[in-house]
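Asker: sequence unknown, structure follows:
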């Protein structure tokens with residue numbers, strides 16, 4: 001017997017529920033499985049240069065020289081299996097679970113052994129029926145080479161494998177990843193924290209925006225620390241006004257630490273108190289009070305963030321938090337106007353957006369180099385452009401681009417400003433690659449930047465990469481697991497639409513419309529879906545609803561750069577309008 005060692009990609013697969021299928025119909029199951037092997041599985045293994053090592057009654061083991069070939073083969077098999085199961089009752093479907101790993105193997109008399117094989121077999125057990133689960137090594141090796149996205153499911157302790165293995169689920173058109181509403185997410189692989197809304201102790205309800213603004217700034221300061229995983233404001237603020245159980249918060253958000261506190265503003269004086277709690281045990285790790293004048297408000301915010309980070313990681317270097325040397329503005333009135341505008345900037349309500357823009361223009365007039373305000377004003381113009389008709393549409397586009405450029409010049413190191421500017425440039429300028437580069441830069445500066453991941457997702461969708469877009473939106477959802485952002489459903493709906501899964505797209509768009517009834521993009525997308533699926537009457541009803549928001553049927557800006565995606569959308573609208581293609 002001869003033994004050799006080599007590096008290989010290993011694919012392990014088995015039939016989900018095989019014993020149940022055999023018990024219900026042994027002859028029929030074996031016959032269908034034999035046919036699927038001959039028609040679906042074996043030809044794809046051969047076409048991707050795989051070597052079928054062995055089969056069992058319900059499974060198979062395949063070796064590939066290339067990890068790209070292994071994953072491409074698996075994705076094609078699962079897509080073909082999903083198609084073959086389309087008309088089969090759920091309890092009679094033959095569905096494979098597939099696991100893929102890359103590792104050193106021992107080859108002996110044609111068979112293969114070793115940790116690399118064992119991990120692939122264990123990963124297959126983590127996969128859902130019809131799904132694919134891969135190791136981190138596989139995910140890293142195929143990154144950028146295949147139009148597939150991945151859902152990080154964290155470190156897994158696999159049976160008979162001594163070390164934990166980081167695993168990913170593959171997101172395909174047949175098996176899209178969707179957020180799990182019932183169970184809280186697993187803890188990330190680095191220290192994680194949520195900053196809950198601080199209590200407004202000023203005795204003046206009008207000062208609520210100021211307390212909320214303080215929390216937003218503390219979240220931003222903590223997010224700059226790259227070894228911290230920080231939950232986004234959108235999710236943390238779902239607990240506003242509630243008496244919370246920190247252990248429950250930790251479970252629901254998948255975090256180790258909870259920061260809560262209060263803000264008191266009286267005249268020119270500000271007091272911030274905070275306490276850091278271990279969510280697993282409920283133990284109080286730190287508490288402190290910070291007093292100062294309104295002019296010291298940025299130092300107070302930084303002091304809270306720095307103290308919290310110092311408790312979590314004693315080796316924190318002061319350079320990790322740069323806000324003390326990179327102030328957004330030195331004009332406190334401009335800053336106050338900015339805080340007042342924040343709650344309305346992302347509303348799909350024209351009057352609220354106009355009110356926010358008015359406040360931001362006041363802030364910019366006082367400080368023309370206030371980068372975050374410049375970028376946010378550009379976002380307001382983007383929203384207003386969606387409602388526009390005629391010349392004012394072009395005016396909003398020009399204003400958005402100019403504001404984005406000015407914001408980048410004013411705050412070249414601020415990830416929030418960069419992310420908003422990247423989105424605007426990607427939507428309104430012809431070449432989308434510079435915008436994607438900017439979005440990547442924002443996320444490198446702040447990996448916990450939820451809105452940055454969302455901006456990046458939309459840019460990838462516009463660039464014709466729907467699977468990557470879904471992967472990035474899933475990252476945003478993990479950073480904000482309690483915030484049901486309706487725009488996430490819009491993006492997922494667009495991804496379904498471009499994959500010609502029109503019914504799935506319609507479902508996502510209808511869900512989003514419940515939360516954004518005044519967003520003119522949604523009746524347009526729905527009209528295009530119904531038009532492409534042949535439901536002309538429903539498509540026309542969508543156009544009638546659109547015209548209660550805006551008289552413009554064909555949007556003035558179509559950001560989709562992929563020619564096929566662009567034409568699918570526009571031809572769907574033409575079908576809805578009775579113009580044909």
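Answerer: Great, that's in hand. Everything numeric in this text was worked out from a predicted model, so none of it was measured.

Asker: only C-alpha atoms from now on, for both contacts and neighbour counts.
Answerer: Fine.

Asker: could you pull out the helices for the stretch 151-300 of the chain?
Answerer: Applying DSSP state H, counting those that start in this stretch to the stretch 151-300 of the chain gives helices spanning 208-223, 233-236, 246-253, 297-312.

Asker: the last one - what's its average pLDDT?
Answerer: What that stands for is helix 297-312. The average pLDDT for helix 297-312 rounds to 68.

Asker: and the nearest residue to residue 295 once chain neighbours are set aside, what's its pLDDT?
Answerer: For residue 295, ignoring the flanking residues on the chain, the nearest one in space by CA to CA, 6 or more residues apart in numbering is residue 332 at 7.2 Å. Reported pLDDT at residue 332 in the predicted model: 78.

Asker: and if you look at the one 5 residues further on?
Answerer: pLDDT for residue 337: 87.

Asker: tell me the secondary structure at it.
Answerer: The three-state label given to residue 337 by DSSP: H, G, I helix; E, B strand; the rest coil is helix.

Asker: identify the residues contacting it.
Answerer: Residues counted as contacts of residue 337 (CA atoms under 8 Å, 6 or more residues apart in numbering) are 359-360, 362-363.

Asker: quick one: contacts of the helix or strand where residue 373 lies?
Answerer: Per DSSP states H and E, residue 373 falls inside helix 371-386. Helix 371-386 is contacted by residues 328, 338, 345-346, 348, 350, 353-354, 356-357, 360-361, 363-364, 392-394, 396-397, 399-401, 403-404, 406-411, 416-417, 420-421, 424, 520-521, 555 when judged by CA under 8 Å, 6+ apart.

Asker: try 7 Å
Answerer: Helix 371-386 is contacted from outside by 328, 338, 345, 350, 353, 357, 360, 364, 393, 396-397, 399-400, 403-404, 406-408, 410-411, 417, 420-421, 520, using CA atoms under 7 Å, 6 or more residues apart in numbering.

Asker: and that helix, how far out from the chain middle?
Answerer: 22 Å (CA atoms, centre = their mean, to the nearest Å).

Asker: quick one: buried residues of that helix?
Answerer: By neighbour count, and taking 16 or more other CA atoms under 10 Å as the criterion, the buried residues in helix 371-386 are 371-386.

Asker: likewise for stretch 65-83?
Answerer: Using 16+ other CA under 10 Å as the test for burial, stretch 65-83 gives 65-82.

Asker: ok, stretch 216-227 next?
Answerer: Taking 16+ other CA under 10 Å as the neighbour-count basis, stretch 216-227 is seen to contain the buried residues 216-225, 227.

Asker: quick one: low-confidence parts of the protein?
Answerer: Of all residues in the chain, those with pLDDT under 70 make up the ranges 1-2, 160, 162, 172-184, 227, 302, 305-328, 389-391, 482-485, 580-581.

Asker: look up how far residue 40 lies from residue 84.
Answerer: Between residue 84 and residue 40 the distance is 9 Å, computed by CA to CA, to the nearest Å.

Asker: re the thing from before, need the next SSE after the helix holding residue 373, C-terminal direction.
Answerer: Secondary structure here is assigned by DSSP H and E; on that basis, the next helix or strand after helix 371-386 toward the C-terminus is helix 391-410.

Asker: what helices and strands are in contact with whatever helix or strand comes next after that following helix?
Answerer: Sequence-wise, the next helix or strand downstream of helix 391-410 (DSSP H and E) is helix 415-428. The criterion is 3 or more CA pairs under 7 Å, 6 or more residues apart in numbering; DSSP states H and E, and the helices and strands that helix 415-428 contacts are helix 371-386, helix 391-410, helix 433-445, helix 450-462.

Asker: so which bits of the longest one are buried?
Answerer: Of the residues in helix 391-410, those buried under the neighbour-count criterion (16+ other CA under 10 Å) are 393, 396-408, 410.

Asker: what's the spacing between that helix and its chain's center?
Answerer: Relative to where its chain is centred, helix 391-410 has its mean C-alpha point 26 Å off (CA atoms, centre = their mean).

Asker: do the third one as well
Answerer: Taking the mean of its C-alpha atoms, helix 433-445 sits 15 Å from the chain's own mean (CA atoms, centre = their mean).

Asker: chain center to stretch 424-440: distance?
Answerer: For stretch 424-440, the distance from its own C-alpha centre to the chain's C-alpha centre is 18 Å (CA atoms, centre = their mean).

Asker: stretch 420-428 now?
Answerer: On CA atoms, centre = their mean, the centre of stretch 420-428 falls 18 Å from that of its chain.

Asker: comparing residue 84 and residue 40, which residue is more hemmed in?
Answerer: Of the pair residue 84 and residue 40, residue 40 is the one with more neighbours under other CA atoms under 10 Å, namely 18 against 15.

Asker: who touches that one in this structure?
Answerer: Under the criterion of CA under 7 Å, 6+ apart, the neighbours of residue 40 are 77, 80.

Asker: repeat that for 6 Å
Answerer: Contacts of residue 40 were listed using CA atoms under 6 Å, 6 or more residues apart in numbering, and none were found.

Asker: please enumerate the helices of the stretch 451-581 of the chain.
Answerer: With DSSP H, counting those that start in this stretch, the ranges of helices along the stretch 451-581 of the chain come out as 466-479, 486-498, 502-515, 521-532, 536-546, 563-576.

Asker: of these, which stretch is the most buried?
Answerer: helix 521-532 (a mean of 27; mean count of other CA atoms under 10 Å).

Asker: give me the residues contacting that helix.
Answerer: Under the criterion CA under 6 Å, 6+ apart, external residues in contact with helix 521-532 comprise 502, 539, 542, 546, 569, 572-573, 575-576.

Asker: just the element for residue 348, please.
Answerer: In this structure, residue 348 sits in neither a helix nor a strand according to DSSP H and E.

Asker: how about the contacts made by the nearest residue in space to residue 232 that is not next to it in sequence?
Answerer: Once its chain neighbours are removed from consideration, residue 232 has its nearest residue in residue 480; the separation is 5.1 Å (CA to CA, 6+ apart). For residue 480, the contact set (CA under 6 Å, 6+ apart) comprises 231-232, 235.

Asker: tell me the contacts of residue 448?
Answerer: Residues near residue 448 by CA under 6 Å, 6+ apart: 223, 229-230.

Asker: what secondary structure does it sit in?
Answerer: When the rule is three-state DSSP, residue 448 gets the label coil.

Asker: with that, I have no additional questions.
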